[in-house]
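Undergrad: Dropping the sequence and predicted coords here.
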Amino acid sequence: MTIPDFGDQIRQTLLPEKECLYPADKLTPDLKPAAVMIPLVETGEQGLSVLLTTRTQHLHHHPGQVSLPGGMMDKSDTSPVHTALRETSEEVGITAEYIDIIGGLDHYPTNTGFIVTPIVCQVMPGFSLKPDPFEVEDIFMVPLSFIFDEQNHHQHSYIDRRQPGPQRTGYYYQMDYGNRRIWGVTAAILVNFYKRLKDNHPLFCQLVPQIRPQ
């Protein structure tokens, strides 16, 4: 299966591009709008893959962690799609001419004060990678077949002492791909991508085996 084939098959399951908007009713001083891109890349040996980055160690937010390209809404951004496109270009060098937006996922509020809108896209052939050395330490690909395997979705609990009573217990997802640890918001968004397709795609059980390399 090629990326255009996969994109066409899942497009109707995601939120249409024109409906990918920042949730005005949920934005508060404690929740700032942000967006991330889930870039699908055809990689040959690995099949369809998701492009991820490792953040540099000196960044204020999530230093050294695995991340999807993305960030806070800029004043010039008119939608989460614009934010995700701009951030993808700035962080990894993939410009809008090589990106086809497939659709959006549900907004994801974080405990660090953001409400993140994930945008799924396919990256077209001919692109080049130019990582921003200030923000990006590394760029790597993870096969979609790995992300869409529930055996790789490990859930862990933690105690948040800022919350009262039972609310202190929180949960996060973690996926270990080789020596890469994908966890927190990034892992949760990728798991939500999987769940969105699994719960809403009528032929999901037939779709998933096709994303593995032959």
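TA: Perfect, I can see it now.
Undergrad: Can you give the distance of the longest helix along the chain from its chain's centre?
TA: Looking across the chain with DSSP state H, the single longest helix is helix 184-200. For helix 184-200, the distance between its averaged C-alpha position and the chain's averaged C-alpha position is 9 Å (Cα atoms, centre = their mean, to the nearest Å).
Undergrad: Identify the residues contacting the residue lying closest to L21 once chain neighbours are set aside.
TA: Excluding the flanking residues, the one nearest L21 by Cβ to Cβ, 6 or more residues apart in numbering is S79, at 5.9 Å. (C-beta placed from N, C-alpha, C; glycine too.) Contact analysis of S79 by Cβ atoms under 8 Å, 6 or more residues apart in numbering lists 20-22.
Undergrad: Just name the closest of the residues you listed to V92, please.
TA: When the contacts of S79 are compared for distance to V92 (Cβ to Cβ), C20 wins out at 20.3 Å.
Undergrad: and the next element down the chain from the helix-or-strand element of the chain with minimal mean pLDDT?
TA: Counting by mean pLDDT, DSSP states H and E, the chain has its least confident helix or strand at strand 154-159, which shows a mean of 80. Later in the chain than strand 154-159, the nearest helix or strand by DSSP states H and E is strand 169-177.
Undergrad: That following strand pairs with which strands?
TA: Note on strand 169-177: by DSSP bridges, its sheet partners are strand 154-159 (antiparallel), strand 180-183 (antiparallel).
Undergrad: Looking at those, spot the one closest to I211.
TA: Ranking the strands paired with strand 169-177 by proximity to I211 (Cβ to Cβ) places strand 180-183 first, at 17.6 Å.
Undergrad: what residues does the closest one touch?
TA: For strand 180-183, the surrounding residues in contact (Cβ under 8 Å, 6+ apart) are 52, 54, 65-66, 140, 142, 172-176, 190.
Undergrad: Those residues: which two are farthest apart?
TA: Maximum pairwise distance among the contacts of strand 180-183 (Cβ to Cβ): 20.9 Å, between F140 and Y172.
Undergrad: hey, which of the strands paired with strand 169-177 is tucked in deepest?
TA: Among the strands paired with strand 169-177, strand 180-183 has the highest mean neighbour count (mean count of other Cβ atoms under 10 Å), at a mean of 17.
Undergrad: what mean pLDDT does that one have?
TA: Taken as a whole, strand 180-183 has an average pLDDT of 95.
Undergrad: same question, stretch 35-49
TA: The model assigns stretch 35-49 a mean pLDDT of 93.
Undergrad: Any buried residues in that stretch, and which?
TA: Judged by neighbour count using 16 or more other Cβ atoms under 10 Å, the buried positions of stretch 35-49 are 35-43, 46-49.
Undergrad: Could you export the residues you listed to a markdown table, including columns for distance to G93?
TA: Shown next, in a markdown table, are the buried residues of stretch 35-49 (distance: Cβ to Cβ, whole Å):
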| residue | distance to G93 |
| --- | --- |
| A35 | 18 |
| V36 | 16 |
| M37 | 13 |
| I38 | 17 |
| P39 | 12 |
| L40 | 17 |
| V41 | 13 |
| E42 | 18 |
| T43 | 17 |
| Q46 | 20 |
| G47 | 23 |
| L48 | 21 |
| S49 | 17 |
